[in-house]
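**Student:** This is the structure alone, sequence omitted:
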């Protein structure tokens, strides 16, 4: 990683000059030409790239001519903004923020991911920006983007920026301004820092008695709290998430693609798992040893070479009893030959996510007791998937999964009470099945968190279906199942006729898994 330090840069130039002077191939013309190059500002010599994000002209292998982001056209973004404004009263103003650059330490950033609502309505992929929507009448509105300024010096280090002009021509904004502390009359530029700009916009809207809807990031800005104390600001979150809940045809295609990529990666992980280190493994490993981190690395590699931008989340790779920790992501222990390994992961493709869990034997073959418990979880999942259709709810599916889990616990002899007693005491079941059947899925992995589980399922919604049974290593439990944790998860699109399993390419019947692994 290059260090952004002008003094060190000058020192490097000086040393480079000395090396040239002492070189046998040195001549004065070469020296002065290179000395001129290195000692002049890069901002006058390096031309910024065309755009700050993929464009059809720069990435024709990714984007069609009418698309702003992969698979989503300018017209679809326009329609999304229209639908949002249709939910709001006249004279409404909406403010949505881009994500800031997350900093790991000093000037080293974490991986950047755009704020979901901002991305959904704008398609703009840069940090430190915001958008404003104004509704004047049922047919008249305005879309304004405030974007980072073009800066050859900053773009040299951080990459190209789209700028105000292309925010209009490419993203379809009615107006666009560059956020800068220095006002210049030659370009459309807004002076002052972000907080001051937001303050001025909200104050102006107050004076016009507008209804002001803003996202949670802006709601939490200290400068905004003075307005919110008068209870005149409204959260836009639920309105945005209601729209995101129903996926368009284009979004459904992207969800399928994310499911296909994640599914293929899982198949590669299972089929390539051989007991023993890779041939190019480093010498720190004990002989014939695999680590949970090997699976994590393989999963990420297989997703990314198929076009995923990243994994959906830090994956769970839990060998043996570590699967009893639901969000175990340390992934630093060995894989043991007689154990099961639970892998929960997925990928993000073009802003849409998959979320898959499979539990499989490290050896490639289930033991008798492992298969009994595995088949029990699979029966629960298959029954729940069959029940997923328009008109039902996540809440109902959750209740169904608890009932089925209770029946399986009794059938396996893990709980020695009659089924009716168990159904009347959910707390006992929760010891073995402590989570819900699933969650909304889309641009976020745990998507649209403001939407209740009582929401009626309708075509275009996506959910996960992920029952599990986790058996404590406790003396009162039947010994053959102690310390096992099994979860099976698929991604489900609600259709007009029922559902579509988006991750069906990943084997989940025990015989299929063993066949793939061997």
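**Tutor:** Great, that's in hand. Being a predicted model, the structure only gives us computed values, none of them experimental.
**Student:** And the helices in the stretch 301-450 of the chain?
**Tutor:** In the stretch 301-450 of the chain, the helices defined using DSSP state H, counting those that start in this stretch lie at 368-387, 394-411, 419-423, 426-430.
**Student:** Select from these the stretch with the lowest mean pLDDT.
**Tutor:** Lowest mean pLDDT within these: helix 419-423, at a mean of 87.
**Student:** And that one, what's buried?
**Tutor:** Neighbour-count burial for helix 419-423 flags 422, 423 (criterion: 16 or more other CB atoms under 10 Å). Glycine gets a C-beta too; all of them are placed from N, C-alpha and C.
**Student:** Which strands and helices lie in contact with that helix?
**Tutor:** Packing partners of helix 419-423 (3 or more CB pairs under 8 Å, 6 or more residues apart in numbering; DSSP states H and E): helix 394-411.
**Student:** Could you rerun that using 10 Å?
**Tutor:** helix 394-411, helix 426-430 (3 or more CB pairs under 10 Å, 6 or more residues apart in numbering; DSSP states H and E).
**Student:** mind checking how far that helix is from the chain centre?
**Tutor:** 39 Å (CA atoms, centre = their mean, to the nearest Å).
**Student:** Now do it: everything it contacts.
**Tutor:** In this structure, residues lying in contact with helix 419-423 by CB atoms under 10 Å, 6 or more residues apart in numbering are 402, 403, 405, 406, 407, 409, 410, 411, 415, 417, 428, 429.
**Student:** Provide a PyMOL selection command restricted to the buried entries of those.
**Tutor:** To isolate the buried ones among the contacts of helix 419-423 in PyMOL, judged by 16+ other CB under 10 Å, type:
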select buried, resi 402+403+405+406+407+409+410+415+429
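**Student:** quick one on the thing from earlier: which one of the helices of the stretch 301-450 of the chain lies nearest to residue 53?
**Tutor:** Closest to residue 53 of the helices of the stretch 301-450 of the chain is helix 394-411 (CB to CB; 34.3 Å).
**Student:** how far does that closest one sit from the chain's center?
**Tutor:** Distance, centroid of helix 394-411 to centroid of chain: 29 Å (CA atoms, centre = their mean).
**Student:** which strands and helices sit next to that helix?
**Tutor:** helix 368-387, helix 419-423, helix 426-430, strand 462-465, strand 468-470.
**Student:** same thing but 6 Å
**Tutor:** Packing contacts for helix 394-411, counted by 3 or more CB pairs under 6 Å, 6 or more residues apart in numbering; DSSP states H and E, involve helix 368-387, helix 419-423, helix 426-430.
**Student:** closest one to residue 217 among these?
**Tutor:** helix 426-430 (34.7 Å).
**Student:** Which of the helices or strands spans the closest residue to residue 298 other than its chain neighbours?
**Tutor:** Counting by CB to CB, 6 or more residues apart in numbering, residue 269 is the residue found nearest to residue 298 once chain neighbours are left out, at 5.2 Å. Taking DSSP states H and E as the criterion, residue 269 maps to helix 249-272.
**Student:** circling back to that earlier point, can I get the helices and strands packed on helix 419-423 in CSV with distance to residue 382?
**Tutor:** Below are the helices and strands packed on helix 419-423 laid out as CSV (distance: least, CB to CB, whole Å):
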stretch, distance to residue 382
helix 394-411, 10
helix 426-430, 19
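**Student:** quick revisit: closest to residue 75 out of the helices of the stretch 301-450 of the chain?
**Tutor:** Using CB to CB as the measure, helix 394-411 is the one of the helices of the stretch 301-450 of the chain that comes nearest residue 75, at 31.6 Å.
**Student:** which residues touch that closest one?
**Tutor:** Contact with helix 394-411 is made by 376, 380, 383-384, 387, 415, 419, 422-423, 429, 432-433, 436-437, 453-454, 467, as judged by CB atoms under 6 Å, 6 or more residues apart in numbering.
**Student:** re earlier: looking at the helices and strands packed on helix 419-423, which is nearest to residue 355?
**Tutor:** Judging these by CB to CB, what sits closest to residue 355 is helix 394-411, at 14.5 Å.
**Student:** Show me the contact partners of the helix holding residue 269.
**Tutor:** Residues outside helix 249-272 that contact it (CB under 6 Å, 6+ apart) are 71-72, 295, 298-299, 302-303, 306, 308, 346-347, 349-350, 352-354, 356, 358, 360, 462, 491, 502-503, 505-506, 516-517.
**Student:** Now list the buried members of those.
**Tutor:** 71-72, 295, 298-299, 302-303, 306, 308, 346-347, 349-350, 352-354, 356, 358, 360, 462, 491, 502-503, 506, 516-517.
**Student:** circling back to that earlier point, so which of the contacts of helix 249-272 sit within strands?
**Tutor:** Among these, the members found in strands (DSSP state E) are 72, 347, 349, 352, 353, 356, 358, 360, 462, 491.
**Student:** Which one of the helices and strands packed on helix 419-423 lies nearest to residue 370?
**Tutor:** With respect to residue 370, and counting by CB to CB, the nearest of the helices and strands packed on helix 419-423 is helix 394-411 at 14.6 Å.
**Student:** Compute the inter-axis angle for that closest one and helix 368-387.
**Tutor:** 150 degrees (axes from the mean of the first three to the mean of the last three CA atoms, to 10 degrees).
**Student:** I'd like the distance between the spatially closest residue to residue 261 that is not a sequence neighbour and residue 349.
**Tutor:** With CB to CB, 6+ apart as the criterion, residue 261 has its nearest non-adjacent residue at 4.5 Å, and that residue is residue 306. Between residue 306 and residue 349 the distance is 8 Å, computed by CB to CB, to the nearest Å.
**Student:** do residue 170 as well
**Tutor:** Here residue 170 is placed at a distance of 22 Å from residue 349 (CB to CB).
**Student:** Next: residue 424.
**Tutor:** Residue 424 is 44 Å from residue 349, by CB to CB.
**Student:** can you check residue 493 too?
**Tutor:** 15 Å.
**Student:** export the helices of the stretch 301-450 of the chain to TSV and tack on distance to residue 76?
**Tutor:** Below are the helices of the stretch 301-450 of the chain laid out as TSV (distance: least, CB to CB, whole Å):
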stretch	distance to residue 76
helix 368-387	30
helix 394-411	27
helix 419-423	46
helix 426-430	42
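**Student:** Show me the one of those helices that comes nearest residue 214.
**Tutor:** Across the helices of the stretch 301-450 of the chain, closest to residue 214 is helix 394-411 (CB to CB), at 28.5 Å.
**Student:** Apart from its neighbours in sequence, what residue is nearest residue 91?
**Tutor:** The shortest distance from residue 91 to any residue other than its chain neighbours is 4.8 Å, reached at residue 210 (CB to CB, 6+ apart).
**Student:** what does residue 481 give?
**Tutor:** residue 471 is the one closest to residue 481 (CB to CB, 6+ apart), at 4.5 Å.
**Student:** which residues does the one you found contact?
**Tutor:** Here residue 471 is in contact with 477, 481, 484 (CB under 6 Å, 6+ apart).
**Student:** May I ask which of those has the most neighbours?
**Tutor:** Within those, most neighbours by other CB atoms under 10 Å means residue 484, with 26 neighbours.
**Student:** For the stretch 51-200 of the chain, which segments count as helices?
**Tutor:** With DSSP H, counting those that start in this stretch as the criterion, the stretch 51-200 of the chain has helices spanning 74-86, 116-122, 152-158, 163-169, 194-207.
**Student:** For residue 108, find the nearest of those.
**Tutor:** Nearest of the helices of the stretch 51-200 of the chain (CB to CB): helix 152-158, 12.3 Å.
**Student:** got a list of what residue 372 touches?
**Tutor:** With CB under 6 Å, 6+ apart, residue 372 has no contacts at all.
**Student:** For residue 484, see how far away it is.
**Tutor:** 10 Å.
**Student:** before we move on, what about residue 86?
**Tutor:** Distance of residue 86 to residue 484, given as CB to CB: 51 Å.
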